[in-house]
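**Student:** okay, here's the prediction I keep looking at, along with the sequence it came from:
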Amino acid sequence: MIELLQISRGGSGGVTGAKILAEAAMYEGLDSQAIPKYGAERRGAKVEAYVRFDSSPIRIHSPVYNPTHAMVLDSSLIKALEIDKVSKDGIIMINSSHIPDFLKGTNRKVAYVDATSISKELGLVVSGFTLTNVTMLGCFAKATGIIKMENIEKAIEKTLGAKIAPKNIEAARRAYEQTKVETA
Amino acid sequence: MAEEVVMLTGNHSVSEAVKRVKPDVIAAYPITPQTAIIEYLSRVVDSGELDSHFIRVESEHSALAAVAGASWAGARTFTATSSQGLLYMGEWVFWTGYARLPVVMAVVNRCLAPGWSIWVDLQDSMAFRDAGWIQIYNKNNQEVFDTTIQSYKIAESKDIALPVMPCLDGFVLSHTSSKVILSDPEEVYNFVGDYSDPIIEIDTGKPFAYGSIVMPDKYNKDRKDLMEAMERAKAKIKAVNKEFSETFGRSYGNGLIEKYGDDDADLTIVGIGTLADETQQAIDMLTSEGLKVNSVRVRTFRPFPTEDIIDIAKKNHKLLVIDRSVSFGHEGHLQMEIESVLKRNNIDTPVIGKVMGLGGEDVPYTRIAKAARENL
């Protein structure tokens, strides 16, 4: 079983991104779950979502406590990540042009890409929020290799529809190309 | 349109099932975490994709009153609610059950206030276990879809004529997306059949008084009939589960309960809802440690699977019952029923009760496994 913790800000599409990822996993032939953590979330506040992937049917319904991988959609939230809870073999994926100081010296495998710039270039901005949820799925595909880009693209297309999917698919592709993976 | 495989929340799994069954009348009032069910249905009614009357009402009390009235008029009906909304419906919940109206109402389980909370426990639907409704509790979104379909087939059988509550855990199922096979709409509709020959149909040409005063002898006969219909419902639920399996290739235990693990064990963990699914994960863990444990998921709380519980208690050495609801001043609801079944049948298998997961408290399988180890 592979478990992902995703940290984002309310309004940036994190819940939708998690669902698209779970759907892409389904096309990959895996069983999957996308769990949004609900509470008193507001726009701009930190929100968590979890995605599980497994080759056999998933019977666990709990939130994820010890994720295999973590993905942070807003680099200002990196300090909210409890690194010790993430598997030592896992990858920390972050929307950033560089490895944040917070991660330096942790000896963790870090995948980073400037998803905000990619999303802005493609006009993925809604009500002042730059949407990096879908863009970062390209980073996930590149860094983990769990899900092929074609399945991520299929899930984006299915969820977002023919009108807005193309820009999002392009964003995910650019993130895939530009993602760098290094040990911090 | 053929079968589709999609990522779906529990809420939308209910909606997709209802869309295929095509109720004549839908009335509902929004409440978290159920809202998305009716949002979706109002959208497909508005777009013309579903040809139903959608009645906008000012409260849950009116929502159930409206569908009960429509059911009396011979319509196939649907509503959904949660928590405080279900409580507010209370009068009509009993009325619908006692009138034997084949209404289907999805209940997204959410705990009751105060303290104000939106998360899961089963206190809301359990408070209505005596209202004459069949209650079916689900373990995942696929079962939510399948049970909603089955609910119509059970409710609308002339020999049953009882309302059905498919119940799903709030957020844990209602808002979590997972893989769901959406069966072909036509096949689903054919499985349930149309409702052109209703159980009861108000005929304005033949005026008749409904719900008027009755003398105690007639009243007692009606309640006895209800009890017998519940008893017959056990065989019906099993048969529908079997027929569903033959048609769609999916089934849930024998319809009333789902067993997991070897038949003979030192400890059997009995649960309900998603906690019972999580329990299966615990069973795998404990079995790998060399422990002799198995589990039972109670799928229908009403009618209660008395015969199955007798059978399980006789074969196993000890029962650990995990409840997600409680009767204050006594104990957990499942435990209560199981102890009464055992006592009535002179079975002395020990029963240990644990109440867990109230107010959305998370119960990971490791905690269930720990409780099992402590009681082995």
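**Tutor:** Received the coordinates, thanks.
**Student:** need the residues of chain A near chain B, please.
**Tutor:** Within chain A, the positions lying close to chain B (Cβ under 8 Å from any Cβ of the partner chain) are A:19, A:22-23, A:26, A:31-36, A:38, A:58-63, A:65, A:155. Quick note: C-beta positions are derived from backbone N, CA and C, even for glycine.
**Student:** which of these are buried? Put it as a PyMOL command.
**Tutor:** Listed next is the PyMOL selection for buried residues among the residues of chain A next to chain B, using 16 or more other Cβ atoms under 10 Å in any protein chain shown:
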select buried, chain A and resi 19+22+23+26+31+32+33+34+35+36+38+58+59+60+61+62+63+155
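**Student:** so which of the residues of chain A next to chain B sit within helices?
**Tutor:** Among those, the residues falling in helices (DSSP state H) are A:K19, A:A22, A:E23, A:M26, A:A155.
**Student:** and which of these is nearest to chain B?
**Tutor:** Nearest to chain B among these is A:E23, at 4.1 Å by Cβ to the nearest Cβ.
**Student:** now do the strands in chain A.
**Tutor:** A:2-9, A:31-36, A:46-54, A:69-72, A:91-95, A:109-113, A:125-126, A:129-130, A:180-183 (DSSP state E).
**Student:** nope, the stretch 151-300 of chain B is what I was after
**Tutor:** Under the criterion DSSP state E, counting those that start in this stretch, the stretch 151-300 of chain B contains strands at B:164-169, B:177-182, B:257-260, B:267-271, B:293-298, B:300-302.
**Student:** tell me which residues are up against the last one.
**Tutor:** This means strand B:300-302. By Cβ atoms under 8 Å, 6 or more residues apart in numbering or on different chains, the residues outside strand B:300-302 that reach it are B:126, B:129, B:133-137, B:230, B:234, B:237, B:255-257, B:272, B:333-334, B:337.
**Student:** same question, the first one
**Tutor:** For strand B:164-169, contacts defined as Cβ under 8 Å, 6+ apart pick out A:61, B:10, B:14, B:102-109, B:120, B:122, B:125, B:128, B:133-138, B:144, B:147-148, B:151-152, B:154-155, B:174, B:273-274.
**Student:** hmm, which of those residues are the buried ones?
**Tutor:** Burial by neighbour count, judged by 16+ other Cβ under 10 Å, picks out A:61, B:10, B:14, B:102-109, B:120, B:122, B:125, B:128, B:133-138, B:144, B:147-148, B:151-152, B:154-155, B:174, B:273-274 from the contacts of strand B:164-169.
**Student:** in helices, which of these fall?
**Tutor:** B:G10, B:V14, B:S125, B:V144, B:T147, B:T148, B:S151, B:Y152, B:I154, B:A155, B:T274.
**Student:** out of those, which touch chain A?
**Tutor:** B:T274.
**Student:** any chance of the ones in helices among the buried ones among the contacts of strand B:164-169 in a markdown table, plus pLDDT?
**Tutor:** Converted to a markdown table, these look like this (pLDDT from 0 to 100):
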| residue | pLDDT |
| --- | --- |
| B:G10 | 98 |
| B:V14 | 98 |
| B:S125 | 98 |
| B:V144 | 98 |
| B:T147 | 98 |
| B:T148 | 98 |
| B:S151 | 98 |
| B:Y152 | 98 |
| B:I154 | 98 |
| B:A155 | 98 |
| B:T274 | 98 |
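**Student:** out of the ones in helices among the buried ones among the contacts of strand B:164-169, the closest to chain A would be?
**Tutor:** B:T274 (4.4 Å).
**Student:** circling back to that earlier point, buried members of the contacts of strand B:300-302 into PyMOL, please.
**Tutor:** Buried residues among the contacts of strand B:300-302 (16+ other Cβ under 10 Å), as a PyMOL selection:
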select buried, chain B and resi 126+129+133+134+135+136+137+230+234+237+255+256+257+272+333+334+337
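**Student:** against chain A, how distant is B:L112?
**Tutor:** 18 Å (Cβ to the nearest Cβ, to the nearest Å).
**Student:** need phi/psi at that residue.
**Tutor:** Dihedral pair for B:L112: phi -100, psi 150, per degrees, to the nearest 10.
**Student:** quick one: residues contacting the nearest residue to it once chain neighbours are set aside.
**Tutor:** In space, B:L112 comes closest to B:Q123 once its chain neighbours are excluded; the distance is 5.1 Å by Cβ to Cβ, 6 or more residues apart in numbering or on different chains. Residues in contact with B:Q123 (Cβ under 8 Å, 6+ apart) are B:C111, B:L112, B:S325, B:V326, B:L358.
**Student:** just the buried members of those residues?
**Tutor:** Among the contacts of B:Q123, those buried by neighbour count (16+ other Cβ under 10 Å) are B:C111, B:L112, B:S325, B:V326, B:L358.
**Student:** and the second one, what pLDDT?
**Tutor:** It stands for B:L112. With respect to pLDDT, B:L112 has a value of 98.
**Student:** ditto for the third one
**Tutor:** Predicted confidence (pLDDT) for B:S325: 98.
**Student:** looking at it, it is touching B:Q335, isn't it?
**Tutor:** No - using Cβ atoms under 8 Å, B:S325 makes no contact with B:Q335, being 10.4 Å away.
**Student:** how near is the residue nearest to B:L112 to B:V18?
**Tutor:** Applying Cβ to Cβ, to the nearest Å, the value for B:Q123 to B:V18 is 25 Å.
**Student:** do A:G17 as well
**Tutor:** Note on A:G17: its distance to B:V18, by Cβ to Cβ, is 28 Å.
**Student:** and for B:T147?
**Tutor:** 12 Å.
**Student:** neighbours of B:D197, just the number please.
**Tutor:** B:D197: 10 surrounding residues under other Cβ atoms under 10 Å in any protein chain shown.
**Student:** to clarify, my last question referred to B:A233.
**Tutor:** Neighbour count of B:A233, defined by other Cβ under 10 Å: 24.
**Student:** check contacts around it.
**Tutor:** B:I134, B:I154, B:I160, B:L162, B:P303 are the contacts of B:A233 under Cβ under 8 Å, 6+ apart.
**Student:** nearest to chain A, of the contacts of B:Q123?
**Tutor:** Once Cβ to the nearest Cβ is applied, the member of these that ends up nearest chain A is B:C111, at 13.6 Å.
**Student:** the closest one touches B:S125, doesn't it?
**Tutor:** No - using Cβ under 8 Å, B:C111 is not in contact with B:S125, being 11.1 Å away.
**Student:** for chain A, what are the nearby residues on chain B?
**Tutor:** Proximity of chain B to chain A, by Cβ under 8 Å from any Cβ, involves residues B:5-7, B:33, B:118-119, B:139-140, B:169, B:171-173, B:175-179, B:274-275, B:277-278, B:280-281, B:362-365.
**Student:** now with 6 Å, please.
**Tutor:** B:7, B:171-172, B:175-179, B:274, B:277-278, B:280-281, B:362, B:364 (Cβ under 6 Å from any Cβ of the partner chain).
**Student:** now, of these, which are buried?
**Tutor:** B:7, B:171-172, B:175-179, B:274, B:277-278, B:280-281, B:364.
**Student:** so which residue of the stretch 1-150 of chain B comes closest to chain A?
**Tutor:** B:M7 (4.1 Å).
**Student:** any idea how chain B splits into domains?
**Tutor:** Chain B breaks down by automatic domain parsing into domains covering B:4-248, B:257-374.
**Student:** which residue is the nearest non-sequential neighbour of residue 71?
**Tutor:** The chain I'm using is chain A. A:M93 (4.2 Å).
**Student:** the intended chain is chain B.
**Tutor:** If the residues on either side of it in the chain are set aside, B:S71 comes closest to B:L101, at 4.1 Å by Cβ to Cβ, 6+ apart.
**Student:** now do A:A171
**Tutor:** Excluding the flanking residues, the one nearest A:A171 by Cβ to Cβ, 6+ apart is A:T135, at 4.1 Å.
**Student:** just B:M126 next, same as before
**Tutor:** B:S325 (4.2 Å).
**Student:** for that neighbour, what are its contacts?
**Tutor:** When contacts are counted by Cβ atoms under 6 Å, 6 or more residues apart in numbering or on different chains, B:S325 touches B:D121, B:L122, B:Q123, B:M126, B:H333.
**Student:** do B:K221 as well
**Tutor:** Per Cβ under 6 Å, 6+ apart, neighbours of B:K221: none.
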